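K.L.:
Sequence and predicted structure below; questions after.
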Amino acid sequence: MGIINVTPDSFSDGGLCDSPGRAIQRAVSLIEQGADWLDVGGESTRPGSMPVGVEEELGRVIPVVESLASMNFSVSVDTSKPEVMRAAIKAGAGMINDVNALRAPGALEAVAAGGVAACLMHMKGDPRSMQISPRYNDVVAEVKDFLLQRMNAAEAAGVSREQLLIDPGFGFGKAQDHNVELLRCLDQLCDLDAPIMVGLSRKSMLGKITGNEVSNRVHASVAAALLAVQRGAAIVRVHDVKATTDALAVYNLVNEIV
Ligand code: 8Y7
């Protein structure tokens, strides 16, 4: 899954597209590089970021979704707002990627009515404060428990099990040890019986390991994506699509995955 950020303040400028035209150009390029999905986002969720209004987010995201869907690309929309979810689904989105796991009032209903896929991501706290000393007794068990609860809530609201994906939310209310433990033990999420999606691309977890700035985290990101796939991830959300698909081509051939 290739990342298309239509925000002026995203964490990694590699995905930055400040006009619909540039977003579409980047999308076509990512598809050519081997992306199966495009994740379009209009609100930055990086640590410390401020919320964006509904109208602002709709204006950034919907024109891009309409164009990409009309080109028959599979479009995911990164949003936590039910209004944006409904408009995105109407515009042709096939997936809602919600870092808030459909906890906003009306979000579960929007996905149930739309019948599209939804990625439920774990986040402890909110983007403003989540990186202030996050604590867990057992990070893997707690993330798993949260995801199971959200899957059950989704099903109770009429979202079918087949619509759901799950994501441990690397960097969302997690210290370095938590992130590493979650990647090491990612296969334990397979018990939940939903496809696993991960976002590790260029994240500070990789900066802490390598000492590299955001602009120089491609190699570490590719390694992390491969480790996640090896442990059961079905979708990797990345900025560097060509580097990742090349690595996965080697991985798949050696593992006889056609
Ligand atoms: C993730 C994500 C971000 C992630 C899913 C970034 C929107 C920060 N991270 N969605 N979004 N998983 N599902 O660095 O890890 O891209 S935003």
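P.N.:
Arrived safely, thanks for sending. Note that the structure is predicted; figures quoted are calculated from it, not measured.

K.L.:
make it CA atoms for all contacts and neighbour counts henceforth
P.N.:
Noted.

K.L.:
Closest approach to the ligand from the stretch 51-200 of the chain, which residue is it?
P.N.:
Residue nearest to the ligand within the stretch 51-200 of the chain (CA to the nearest ligand atom): residue 199, separated by 3.3 Å.

K.L.:
Counting neighbours, what do you get for that residue?
P.N.:
23 (other CA atoms under 10 Å).

K.L.:
does the closest residue to it other than its chain neighbours sit in a helix, a strand or a coil?
P.N.:
The shortest distance from residue 199 to any non-neighbouring residue, by CA to CA, 6 or more residues apart in numbering, is to residue 237 (4.9 Å). State at residue 237, reduced to three classes by DSSP: H, G, I helix; E, B strand; the rest coil: strand.

K.L.:
residues in contact with residue 237?
P.N.:
1, 2, 3, 39, 197, 198, 199, 200, 201 (CA atoms under 8 Å, 6 or more residues apart in numbering).

K.L.:
from those residues, which would you call buried?
P.N.:
The neighbour-count test (16 or more other CA atoms under 10 Å) marks 1, 2, 3, 39, 197, 198, 199, 200, 201 as buried among the contacts of residue 237.

K.L.:
In which helix or strand does the fourth one reside?
P.N.:
Mapping residue 39 onto the secondary structure by DSSP states H and E places it in strand 37-41.

K.L.:
Show me what the mean pLDDT comes to for that strand.
P.N.:
For strand 37-41, mean pLDDT rounds to 98.

K.L.:
which SS state does residue 48 fall under?
P.N.:
coil.

K.L.:
tally of neighbours for it?
P.N.:
By other CA under 10 Å, 14 other residues sit near residue 48.

K.L.:
so who does it touch?
P.N.:
Here residue 48 is in contact with 127, 128, 129 (CA under 8 Å, 6+ apart).

K.L.:
same deal with residue 131?
P.N.:
With contact set as CA under 8 Å, 6+ apart, residue 131 has these partners: 47, 171, 172, 173, 174, 175.

K.L.:
Same question for residue 187.
P.N.:
Residue 187 touches 231, 232, counting by CA under 8 Å, 6+ apart.

K.L.:
Can you read off the pLDDT for it?
P.N.:
98.

K.L.:
what do you get for residue 20?
P.N.:
Here the pLDDT value assigned to residue 20 is 88.

K.L.:
So it sits against residue 66, correct?
P.N.:
No: applying CA atoms under 8 Å as the test, residue 20 and residue 66 come out as separate, 10.2 Å apart.

K.L.:
how many other residues sit next to the residue lying closest to residue 82 once chain neighbours are set aside?
P.N.:
Nearest non-adjacent residue to residue 82, counting by CA to CA, 6+ apart: residue 107, 4.7 Å away. Counted with other CA under 10 Å, the neighbours of residue 107 add up to 25.

K.L.:
wait, doesn't residue 107 sit right on residue 96?
P.N.:
No: with contact defined as CA under 8 Å, residue 107 does not count as touching residue 96 (9.9 Å).

K.L.:
Show me the common contact partners of these two, please.
P.N.:
residue 85.

K.L.:
list the contacts for residue 123?
P.N.:
Taking CA under 8 Å, 6+ apart, we find residue 123 in contact with 99, 100, 130, 168, 169, 172, 173.

K.L.:
Cool, thanks, signing off.
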